[in-house]
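1. Structure, please.
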Amino acid sequence: MEKIFLYNLNSPKGRLIRRLCEQMGIPVDEVPREDYAQPIGVVVEMPGFVRHASVYSGPAFTDEIMLFRGFDDATLSRFLNRYRQAGIDKVDLKASLTPHNVLWNSFQLHDELLREHRLMTGD
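-> Next comes the predicted model:
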């Protein structure tokens, strides 16, 4: 089942994203900072992943991220088209859940997405 996980989108833009998701029947969750050190598999509620006992309380990144779980190409394209049509400001860092990144934590995901974004944009 599709679900979108948001980082640092407790904002007017995040409310617009949530409203679009509601219209499309896509569940959405905000990832709390306390979960940033957990494996992404835990964050996205994948079976077989075990939550670490410790709760992260250190500094957090502030970049916005959208993480897509369970989207096929057609559903992702439909969502992104509706997103653009709604005129919602873009979120630069986006990822689909993969067998590789499911093992990372949120900091590793953030760093890789930021690296890829900078390579693509020349920033």
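
2. And the helices in the protein?
-> With DSSP state H as the criterion, the chain has helices at 12-24, 40-43, 73-85, 106-121.

3. Tell me which of those helices is the most buried.
-> Mean neighbour count (mean count of other CB atoms under 10 Å) peaks for helix 40-43 among the helices of the chain, with a mean of 22. Where C-beta positions appear, they are placed from N, C-alpha and C, glycine not excepted.

4. for it, packing partners?
-> When contacts are defined as 3 or more CB pairs under 8 Å, 6 or more residues apart in numbering; DSSP states H and E, helix 40-43 packs onto helix 106-121.

5. Now the helix it packs on: average pLDDT?
-> Here helix 106-121 scores 95 as its mean pLDDT.

6. Name the residues of stretch 53-60 that are buried.
-> Residues 56, 60 are the ones in stretch 53-60 that count as buried (16 or more other CB atoms under 10 Å).

7. Excluding chain neighbours, give the residue nearest to the most centrally placed residue in the chain in space.
-> The centre of the chain sits closest to residue 67, judged by CA atoms, centre = their mean, with a distance of 2.4 Å. Distance criterion CB to CB, 6 or more residues apart in numbering; nearest residue to residue 67, sequence neighbours excluded, is residue 5 at 4.2 Å.

8. returning to what we had before: mind putting the helices of the chain into CSV with distance to residue 49?
-> Below are the helices of the chain laid out as CSV (distance: least, CB to CB, whole Å):
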stretch, distance to residue 49
helix 12-24, 23
helix 40-43, 3
helix 73-85, 23
helix 106-121, 13
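
9. among those helices, which is nearest residue 99?
-> helix 40-43 (10.0 Å; CB to CB).
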